[in-house]
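predicted model follows, preceded by the sequence.
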Amino acid sequence: MINPRDIDALLKMEPFRPLRFVFTDGTQEVVTHPDNVLLTATSVGIGQHDQRLDPPFADWTKTYALIHLVSVEPHNQAAPSEGNGKSGG
C-alpha cells in the first residue's frame, strides 16, 4: 500500500503538476488540482467535476481504498501514443 504521507507530499508540491492514480483493476484517475483529493489513512477520494465547471469545484467524489492503489505518477498532458512505439512505414 502506498503511504498516504507520500501522496500528501505529492499534492503539496509547488508548482502542482497533474497526477495519475492507477488502481489494481486498471482504473486510472487524473487529478488536475490538489483540492480535488480527499486523503484519509486508508482511502483516497478523487473529486469528479462537470466539464462545464472550472476546477477545483467537484460535483461528486469517487472513493478508493489505498490497498488498491498501485501507483501515483506524473500525468503527461499529451495523449498517450497508440501502437507498438515503432514509427510507421
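Yep, it's here.

going forward, measure contacts between C-alpha atoms and count neighbours the same way
OK.

surely L66 is in contact with V44?
Yes - contact status for L66 versus V44: in contact at 6.4 Å, counting by CA atoms under 8 Å.

quick one: low-confidence ranges for the protein?
Per-residue confidence for the chain (pLDDT under 70) gives these ranges: 53-56, 77-89.

and the helices in it?
Taking DSSP state H, the helices of the chain run over residues 4-12.

show me where it has its strands.
19-23, 28-31, 37-39, 43-48, 60-65, 69-74 (DSSP state E).

turn those strands into a markdown table, columns for mean neighbour count.
Putting the strands of the chain into a markdown table (neighbours: other CA atoms under 10 Å) gives the following:
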| stretch | mean neighbour count |
| --- | --- |
| strand 19-23 | 18 |
| strand 28-31 | 18 |
| strand 37-39 | 18 |
| strand 43-48 | 20 |
| strand 60-65 | 14 |
| strand 69-74 | 16 |
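
closest to I2 out of the ones you listed?
I2 sits nearest to strand 69-74 of all these, at 6.8 Å, using CA to CA.

the inter-axis angle of that closest one versus strand 19-23?
160 degrees (axes from the mean of the first three to the mean of the last three CA atoms, to 10 degrees).

got a list of contacts for strand 69-74?
Identification of contacts with strand 69-74 by CA atoms under 8 Å, 6 or more residues apart in numbering yields 1-2, 7, 17-24.

nothing else from me, thank you.
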